[in-house]
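A.B. asks: Just the structure for this:
(chains A and B)
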Amino acid sequence: MAKGLPKRSEDFSAWYNELVGKADLAEHSGVKGCMVVKPYGYAIWENMKAVLDQKFKETGHQNAYFPIFVPKSLFEAEEKNAEGFAKECAIVTHYRLKNDPDKEGKLMVDPAAKLQEELIVRPTSEAIIWSTYKKWIQSYRDLPLLINQWANVVRWEMRTRLFLRTTEFLWQEGHTAHATKAEALEETEKMMYVYADFAEDYMAMPVIKGLKSESERFAGAEDTYCIEALMQDGKALQAGTSHFLGQNFAKAFDVKFADADGKQEYVWASSWGVSTRLIGGLIMTHSDDLGLVLPPKLAPIHVAIVPIYKGGEQLAQISEVANKLKADMQAKGIIVKYDDDDKRKPGWKFAEYEMKGVPVRIAIGPRDLENGTVEVARRDTLEKESLQQEDLAIKVEHLLEQIQINLLDRAKTYREEFTNVATTWDEFTELIDNKGGFVHAHWDGTEETEQKIKEETKATIRCIPFDQKEEAGSCIYSGNPSKGMVLFAKAY
RNA sequence: CGGGGUGUGGCCCAGUCCGGUCAAGGCGCCUGGUUUGGGACCAGGAGAUCGCAGGUUCGAAUCCUGCCACCCCGACCA
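C.D. replies: Numbers count the residues shown, from 1 in each chain, chains lettered A, B, ... in the order given. Model prediction:
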């Protein structure tokens, strides 16, 4: 593993890219815009997935799986949704290759194997799912229908970045059907809270909950709820969205149900999703110039134990202590790696576990054998202290809790520092251009103004925060009346 | 889609302008030995049709033509 990372302060983008590689999270594949998620990175995703999956089930959802291909005729049924995604679709047109008569050993697309109807590789699954729901829903007794799917989707973006925006990515998408508007709205909001709780409690990533402006709304939605996080470079990251779809998809796919009075009604819908992008958010929220910093609740390894020894005999003595401590910690559900690999020196291992963001490192050497101690180093603050071996598992358990709390606190403090209010256009541009971060400002509510602000500053409305108070003001750009402030930032 | 790069052992890359012991170096890997409290060292060893296809030439990683792929910066988006 190579040494050192670029400094965040000098080139945040290069820092991020190199960190992803050096922490062994993912790498570029031979396929444009597509990544290989490596075991360590995938382990983080699995941890995220496990927690979210449980939360979805606790809120009454079931998992199912729908096809990756969407026939074009289904795809185009909900017009706005289709239009929104049309520019970034991969399309299957043929189903067979054959030997190329002109090029020995090469294959070509068999023109005889052209599909009658093209298949769209799902950029999202509303179409295929709602065409299925039509068959599943007849009566109010079939509602609510609460389904989640873990899947891959493809969006042919112009420009990609590992985890943050890849052509293919992993995500979950919830698709629910309800008898009433109120119920669908409640669901939409509920899932946004599930995401927000996950972001804060597990990722230690504070988020702002709010509503997207019309132009930022999901294609085909009536309303998009979102959680927005702030990265260390002052840019915002949309970390999750939950959409109230109204009856748009029900109407497009003719999904009606008989209510208790036998009257036919269109069902109400929501959809919501988070993706492997969360890993990008996790990285950019906590990590430092030494590498990844992971919150204990999502770290694949909680504790790495590094022996420091001279000769096999000493190693054996240390291993005895290490294995006992490891067993104690494991009994408390702490994931421990005892790294007695003789091919690496301690210094190398220290740097390696720092790069990989392991929350706690324990070193045990001859001094410790004598004193009955171990050296405990925490990744978040880089502090080291010597602790007695007695009750170490309990101490480490507490330490992991503290690290989890500290990471969230630190991220909150950072976000507070980089959240400001602008009352004039000058203040606004000054903040956006020079300081970065979130900027609260009055907006006249028009798409035109939103667009102009974006053109002139690159800042977009991240959301209309739920906890924003209603107050009369005047738009920082147009000077027209505003009903309240909204949240601006440059975004990923 | 514009702009800029890159493609050479598993990885990072030198060499390309100026064609000829040029396929160099570092990391990693294998063998042996010494080491081990912040990325060890010594000795020996294995590993490359220089992105692909043509062409020029006595001779091409190097020059010419065409193609392909990926990355980075923007516009578009999760």
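A.B. asks: Summarise which helices and strands the helix or strand encompassing A:Asp426 is packed against.
C.D. replies: In this assignment (DSSP states H and E), A:Asp426 forms part of helix A:425-430. Under the contact criterion of 3 or more C-beta pairs under 8 Å, 6 or more residues apart in numbering; DSSP states H and E, helix A:425-430 touches helix A:447-457. Where you see a C-beta, it was placed from the backbone N, CA and C, and this is true even at glycine.
A.B. asks: So which bits of the helix it packs on are buried?
C.D. replies: A:449-450, A:453, A:457 (16 or more other C-beta atoms under 10 Å).
A.B. asks: Which strands or helices does it pack on?
C.D. replies: So helix A:447-457, by 3+ C-beta pairs under 8 Å, 6+ apart, packs with helix A:425-430, strand A:460-465.
A.B. asks: Those: which one's closest to RNA strand B?
C.D. replies: Set against RNA strand B and scored by C-beta to the nearest atom of the strand, these come closest in strand A:460-465, at 8.5 Å.
A.B. asks: picking that back up, using TSV, please lay out the buried residues of helix A:447-457 together with pLDDT.
C.D. replies: Shown next, in TSV, are the buried residues of helix A:447-457 (pLDDT from 0 to 100):
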residue	pLDDT
A:Thr449	94
A:Glu450	94
A:Ile453	94
A:Thr457	92
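A.B. asks: just those residues now: which is nearest A:Gly437?
C.D. replies: A:Thr457 (13.1 Å; C-beta to C-beta).
A.B. asks: In three-state terms, label the closest residue to RNA strand B within the stretch 1-150 of chain A for me.
C.D. replies: Proximity to RNA strand B, evaluated over the stretch 1-150 of chain A using C-beta to the nearest atom of the strand, is greatest for A:Lys32 at 2.6 Å. Three-state assignment for A:Lys32 (DSSP: H, G, I helix; E, B strand; the rest coil): coil.
A.B. asks: right, and it touches A:Thr167 too?
C.D. replies: Yes: between A:Lys32 and A:Thr167 there is a contact at 6.7 Å, judged by C-beta atoms under 8 Å.
A.B. asks: show me where pLDDT drops low in the stretch 201-350 of chain A?
C.D. replies: By pLDDT under 70, the stretch 201-350 of chain A has no low-scoring segment.
A.B. asks: Kindly report the residues of it close to RNA strand B.
C.D. replies: Residues of the stretch 201-350 of chain A found near RNA strand B (C-beta under 7 Å from any atom of the strand) are A:216, A:218, A:238, A:241, A:275-277, A:290, A:308-311, A:315, A:342-348, A:350.
A.B. asks: Any idea how far apart the tips of stretch A:199-217 sit?
C.D. replies: 21 Å (C-alpha to C-alpha, to the nearest Å).
A.B. asks: now that stretch: how far from the chain's centre is it?
C.D. replies: 11 Å (C-alpha atoms, centre = their mean, to the nearest Å).
A.B. asks: buried ones in it?
C.D. replies: Buried residues in stretch A:199-217, counting neighbours by 16+ other C-beta under 10 Å, are found at A:199-200, A:202-213, A:216-217.
A.B. asks: Likewise for stretch A:255-270?
C.D. replies: A:255-257, A:266-270.
A.B. asks: Stretch A:311-323 too?
C.D. replies: Neighbour-count burial for stretch A:311-323 [16+ other C-beta under 10 Å]: A:315, A:318-319, A:321-322.
A.B. asks: Just the CA trace of that stretch, in PDB.
C.D. replies: Output in PDB follows, covering the C-alpha atoms of stretch A:311-323 (Å, rounded to 0.1, in the frame of the first residue of the first chain):
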ATOM      1  CA  GLY A 311      11.400 -13.100  18.300                       C
ATOM      2  CA  GLY A 312       8.900 -15.900  18.300                       C
ATOM      3  CA  GLU A 313       8.900 -16.500  22.000                       C
ATOM      4  CA  GLN A 314       7.900 -12.900  22.800                       C
ATOM      5  CA  LEU A 315       5.300 -13.100  20.000                       C
ATOM      6  CA  ALA A 316       3.800 -16.200  21.600                       C
ATOM      7  CA  GLN A 317       3.500 -14.400  25.000                       C
ATOM      8  CA  ILE A 318       1.900 -11.400  23.400                       C
ATOM      9  CA  SER A 319      -0.400 -13.600  21.300                       C
ATOM     10  CA  GLU A 320      -1.700 -15.300  24.500                       C
ATOM     11  CA  VAL A 321      -2.600 -11.900  26.000                       C
ATOM     12  CA  ALA A 322      -4.000 -10.600  22.700                       C
ATOM     13  CA  ASN A 323      -6.100 -13.600  22.000                       C
END
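A.B. asks: how about A:Ala316, secondary structure?
C.D. replies: Following three-state DSSP, we place A:Ala316 in the helix state.
A.B. asks: right, quick check: the helix ranked longest in chain A against RNA strand B, any contact?
C.D. replies: Ranked by residue count and defined by DSSP state H, the top helix of chain A is helix A:392-417. No: residues of helix A:392-417 are not located near RNA strand B by C-beta under 7 Å from any atom of the strand, the shortest gap being 13.6 Å.
A.B. asks: before we move on, could you check phi and psi at A:Ile238?
C.D. replies: Careful, residue A:238 is Gln and not Ile. Main-chain dihedrals, A:Gln238, degrees, to the nearest 10: phi -70, psi 110.
A.B. asks: quick one: it and A:Tyr492 touch, right?
C.D. replies: Yes: using C-beta under 8 Å, A:Gln238 is in contact with A:Tyr492, at 7.5 Å.
A.B. asks: and the longest helix of chain A, what does it pack onto?
C.D. replies: Checking 3+ C-beta pairs under 8 Å, 6+ apart, helix A:392-417 ends up next to helix A:277-286, helix A:311-331, strand A:360-364, strand A:373-378.
A.B. asks: same question for the strand or helix carrying A:Ile128, mean pLDDT?
C.D. replies: Under the criterion of DSSP H and E, A:Ile128 resides in helix A:126-136. What helix A:126-136 shows for mean pLDDT is 97.
A.B. asks: go on, stretch A:478-492?
C.D. replies: Per-residue scores along stretch A:478-492 average to 95.
A.B. asks: Run a quick neighbour tally on the closest residue to RNA strand B within the stretch 151-300 of chain A.
C.D. replies: Across the stretch 151-300 of chain A, the shortest distance to RNA strand B (C-beta to the nearest atom of the strand) belongs to A:Met158, at 2.7 Å. Using other C-beta atoms under 10 Å, A:Met158 is surrounded by 8 other residues.
A.B. asks: picking that back up, what is in contact with A:Lys32 and A:Thr167 at once?
C.D. replies: A:Thr160 (C-beta atoms under 8 Å, 6 or more residues apart in numbering).
A.B. asks: neighbour-wise, which of the two wins?
C.D. replies: Each of A:Lys32 and A:Thr167 has its neighbours counted (other C-beta under 10 Å); A:Thr167 has more, 18 against 9.
A.B. asks: can you give me the helices in the stretch 51-200 of chain A?
C.D. replies: Ranges of helices within the stretch 51-200 of chain A are A:72-75, A:79-86, A:126-136, A:181-201, based on DSSP state H, counting those that start in this stretch.
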